[in-house]
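**Q** got a predicted structure here, sequence first:
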Amino acid sequence: MDDFVTSQRFFLLLVTLVSGYLLYLLGPILSPFLVGALLAYLTDPVADRLELAGVSRTNSVVIVFVFLITLSILLVLLLVPKLSHQVQVMILQVPSVIALFEDKALPAIQAYLGDDVSFGDLQSFKDLAASHWQKTGDIMAQVAAYITRSGLAIVGWLANLLLIPVVTFYLLRDWDVMIEKIGYLLPRNLEPTVSRWAKESDEVLGAFMKGQLLVMLVLGCVYAVGLWLIGLDLALLLGMLAGLASIVPYMGFIVGIIAAGIAAYLQFHDPMILLWVAAVFGVGQALEGMVLTPLLVGDKIGLHPVAVIFAIMAGGQLFGFVGVLIALPVAAVIMVFLRHLHHGYKNSHLYGTGMVKEITEDESLNVQDTEVNEQR
């Protein structure tokens, strides 16, 4: 029996290492497949609900797929031109931000900390930044010319882009079947444990990706609309930036209110506008705490904010863009694994459960003897 367990563990470890190595080698071509798998994972519950309503699986997938395609086209047609324009406006305002820091913030910092505080030669930094911004158009033109000359690069890029909807459709159609077949491939003695761990991982990942990502999207829209109502030119860009930063609790609020406050002051030159910016982000923060998070995320177990940051940075460092895509699913699985490992360690002889129990019993006897003596 011990030989069987050892052989099984060695086999599973070998499969894991080989799979990880293949993932590393195939990283450059995995992006469309991982994006398709992510979209299929996020939209599978919708297709399942349509099935429960009496719609066939294929028709359910077609409905979800058409909705995704329509939404993607609308986002490209409506948002991309506006975001491109606002990025250009933001770049033009960067020298004004540096001047604002030099004229307003730096004297206040020096008055508080002393005149010895210095941030270097800001004029040299402004000149260097301005020279690079002037070259931005030339750089983009060179990149566009290179892409135009490289027909193979265009073909590869278009192939990856077209693969995403194809992969999404087929994965979504066969998602439940694939999960069932994977369950059948697992060793029978490990299948209950692995299934339980997979369910827990799905709960963690679902709480984050199906809940927190919706919170990020809604907050981005709320911030963008609010900033647009007060007349800010960069409303859409800053609202989406704050929504994306909301992947970590309170980071979206902090990043958004600082960036929007600076942009609003530079545009209106009126300190009172900062109160309206604060009101927009205050409403968004209250909406997140009282409505969005309880409704969309609930009390499910999510990933710790530090774990989210570390997972994304580590995935990008190790595997590039593919690593960013798989960072959170892998982090969810590792989190579940560590929780069970911690539980097993606390119940093992390595932790000394029996010794702790004996000490606790001795301490309780001493407490009882003390109480009896006091009563006497």
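**A** Yep, that arrived. Residues are numbered from 1 along each chain as shown.
**Q** tell me how far stretch 87-96 is from the chain's mean position?
**A** 27 Å (C-alpha atoms, centre = their mean, to the nearest Å).
**Q** buried stuff in that stretch?
**A** 90, 93 (16 or more other C-beta atoms under 10 Å). Just so you know, the C-beta spots here come from the backbone N, C-alpha and C atoms, and that holds for glycine as well.
**Q** what residue spans form the domains of this structure?
**A** 26-176, 189-302 (automatic domain parsing).
**Q** and those domains, which one's lowest on average pLDDT?
**A** Lowest mean pLDDT within those: domain 26-176, at a mean of 75.
**Q** could I get the domains of the chain as a markdown table with distance to Val5?
**A** Putting these into a markdown table (distance: least, C-beta to C-beta, whole Å) gives the following:
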| stretch | distance to Val5 |
| --- | --- |
| domain 26-176 | 32 |
| domain 189-302 | 9 |
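**Q** comparing these, which comes out most buried?
**A** By mean neighbour count, with neighbours taken as mean count of other C-beta atoms under 10 Å, domain 189-302 ranks first of the domains of the chain at a mean of 18.
**Q** quick revisit: of the domains of the chain, which approaches Leu17 most closely?
**A** Nearest of those to Leu17, taken as C-beta to C-beta: domain 26-176 at 15.0 Å.
**Q** first vs last residue of the closest one, how far apart are they?
**A** End-to-end distance of domain 26-176 (C-alpha to C-alpha, to the nearest Å): 25 Å.
**Q** now stretch 236-252
**A** Where stretch 236-252 begins and where it ends lie 14 Å apart, using C-alpha to C-alpha.
**Q** swap in stretch 294-314?
**A** Stretch 294-314: ends 30 Å apart by C-alpha to C-alpha.
**Q** coming back round to it: of all the domains of the chain, which one comes closest to Leu13?
**A** Short answer: domain 189-302, nearest of these by C-beta to C-beta, at 13.0 Å.
**Q** longest helix anywhere in this structure?
**A** For the chain, the helix that runs over the most residues, judged by DSSP state H, is helix 57-100.
**Q** list the buried ones in the host helix or strand of Phe4?
**A** Here Phe4 sits within helix 2-25, counting by DSSP states H and E. Residues of helix 2-25 include none that count as buried (16+ other C-beta under 10 Å).
**Q** packing partners for that helix?
**A** helix 305-346 (3 or more C-beta pairs under 8 Å, 6 or more residues apart in numbering; DSSP states H and E).
**Q** can you rerun that using 10 Å?
**A** helix 27-52, helix 305-346 (3 or more C-beta pairs under 10 Å, 6 or more residues apart in numbering; DSSP states H and E).
**Q** picking up where we left off before, which among the domains of the chain is found nearest to Arg339?
**A** Of the domains of the chain, nearest to Arg339 by C-beta to C-beta is domain 189-302, at 7.9 Å.
**Q** chain center to the closest one: distance?
**A** Computed by C-alpha atoms, centre = their mean, the chain-centroid distance of domain 189-302 equals 11 Å.
**Q** isn't Ile247 up against Val308?
**A** Yes - the pair Ile247 and Val308 qualifies as a contact (C-beta atoms under 10 Å) at a distance of 6.3 Å.
**Q** between the two, what contacts are shared?
**A** Residues touching both Ile247 and Val308 (C-beta atoms under 10 Å, 6 or more residues apart in numbering) are 208, 212, 328.
**Q** tell me the one of these nearest Leu190?
**A** Leu328 (24.6 Å).
**Q** tally of neighbours for the closest residue to the closest one other than its chain neighbours?
**A** Nearest non-adjacent residue to Leu328, counting by C-beta to C-beta, 6 or more residues apart in numbering: Ala311, 6.0 Å away. Ala311: 23 surrounding residues under other C-beta atoms under 10 Å.
**Q** the one 4 residues further on now?
**A** The local packing of Gly315 (other C-beta under 10 Å) involves 21 other residues.
**Q** confidence score at it?
**A** At Gly315, pLDDT is 80.
**Q** from Gln267, how far off is it?
**A** Applying C-beta to C-beta, to the nearest Å, the value for Gly315 to Gln267 is 37 Å.
**Q** what do you get for Leu234?
**A** 8 Å.
**Q** next: Leu244.
**A** 22 Å.
**Q** go on, Arg339?
**A** 49 Å.
**Q** what's the answer for Gln212, then?
**A** Separation of Gln212 from Gln267 (C-beta to C-beta): 31 Å.
**Q** measure Leu12 to Val80 for me?
**A** Distance, Leu12 to Val80, by C-beta to C-beta: 45 Å.
**Q** whoops, I mixed them up, Tyr250
**A** In terms of C-beta to C-beta, Tyr250 sits 29 Å off from Val80.
**Q** mind listing what Ala263 touches?
**A** 86, 89-90, 93, 96-97, 227, 232-235, 237-238, 273, 277.
**Q** what is the nearest of these to Gly284?
**A** Ranked by distance to Gly284 (C-beta to C-beta), the contacts of Ala263 are led by Leu227 at 10.1 Å.
**Q** for that closest one, helix, strand, or coil?
**A** helix (DSSP: H, G, I helix; E, B strand; the rest coil).
**Q** kindly report the same for Pro249.
**A** Three-state call for Pro249 (three-state DSSP): coil.
**Q** then the one 3 residues further on?
**A** What three-state DSSP gives for Gly252 is helix.
**Q** check what pLDDT the residue nearest to Leu328 gets.
**A** For Ala311, pLDDT reads 81.
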